[in-house]
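A.B. asks: The sequence isn't on hand, but the structure is:
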């Protein structure tokens, strides 16, 4: 007759044999049913030109942050940025985002496909979309942002949508002042009111 302790010891001994064999069987079926790998094909996600990346200097996911004289926070981010060879304080950036947040919490966010950044200016182009905390969305081809004075201007025509309707104009000037965001539309201003 087996005692209680002997039964437990026998059970543990059998588990030491059965579990590794079960693991080996699982691993064998994994390799047995896996598909064939064509080693002559290149890796599908290795499409970058490595020579081009090594040759040029660039920063991946740059992040610039600062504060203006009136306390507004300015943040600039991009997918990557390249310094200018002749002007080291000038950067060319792709997939650019510019955020401006005033001390009272009002915010302005601009996104563009391309941009040129310097310590005091940002030239956004390649299709610029501006979002305000008041619910206004403005689309323009390019916008010049003076980061020091917080003035944003475009001369290429804009299309804006808000709760009251669609507005189009030839030029636009935005300025963050103490009362809030002031936007001036000039030249063939047209508002289609949609209540």
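C.D. replies: Nice, I can see it. Keep in mind the model is a prediction, meaning the values are calculated, not measured.
A.B. asks: Low-confidence stretches in this protein?
C.D. replies: Residue ranges of the chain with pLDDT under 70: 1-5, 35, 37-56.
A.B. asks: which residue sits closest to residue 60 in space, ignoring its chain neighbours?
C.D. replies: Leaving out its chain neighbours, the residue that sits closest to residue 60 by CB to CB, 6 or more residues apart in numbering is residue 80, at 5.1 Å. (Each C-beta comes from the backbone N, C-alpha and C, glycine too.)
A.B. asks: Going along the chain, name the strands of this protein.
C.D. replies: Counting by DSSP state E, the chain has strands at residues 59-60, 63-67, 73-77, 80-83, 91-101, 107-117, 121-132, 137-146, 151-154, 158-161, 165-169, 171-177, 180-186, 190-193.
A.B. asks: for the longest helix seen in the chain, the distance to its chain's centre please.
C.D. replies: What stands out as the longest helix in the chain, according to DSSP state H, is helix 4-33. Relative to the centre of its chain, helix 4-33 is centred 50 Å away, using CA atoms, centre = their mean, to the nearest Å.
A.B. asks: Figure out which of the strands of the chain is closest to residue 7.
C.D. replies: Closest to residue 7 of those is strand 59-60 (CB to CB; 62.4 Å).
A.B. asks: Remind me what that closest one packs against, helices and strands.
C.D. replies: strand 80-83 (3 or more CB pairs under 8 Å, 6 or more residues apart in numbering; DSSP states H and E).
A.B. asks: Residue 189: neighbour count?
C.D. replies: Counted by other CB atoms under 10 Å, the residues lying close to residue 189 total 14.
A.B. asks: my guess is it meets residue 166, correct?
C.D. replies: No. Using CB atoms under 8 Å, residue 189 makes no contact with residue 166, being 11.8 Å away.
A.B. asks: Quick one: the strands of the chain as a markdown table, columns for distance to residue 34 and mean neighbour count too.
C.D. replies: Shown next, in a markdown table, are the strands of the chain (distance: least, CB to CB, whole Å; neighbours: other CB atoms under 10 Å):
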| stretch | distance to residue 34 | mean neighbour count |
| --- | --- | --- |
| strand 59-60 | 35 | 11 |
| strand 63-67 | 42 | 12 |
| strand 73-77 | 41 | 17 |
| strand 80-83 | 37 | 17 |
| strand 91-101 | 38 | 20 |
| strand 107-117 | 42 | 20 |
| strand 121-132 | 45 | 19 |
| strand 137-146 | 50 | 19 |
| strand 151-154 | 56 | 20 |
| strand 158-161 | 52 | 18 |
| strand 165-169 | 56 | 16 |
| strand 171-177 | 58 | 18 |
| strand 180-186 | 59 | 15 |
| strand 190-193 | 60 | 10 |
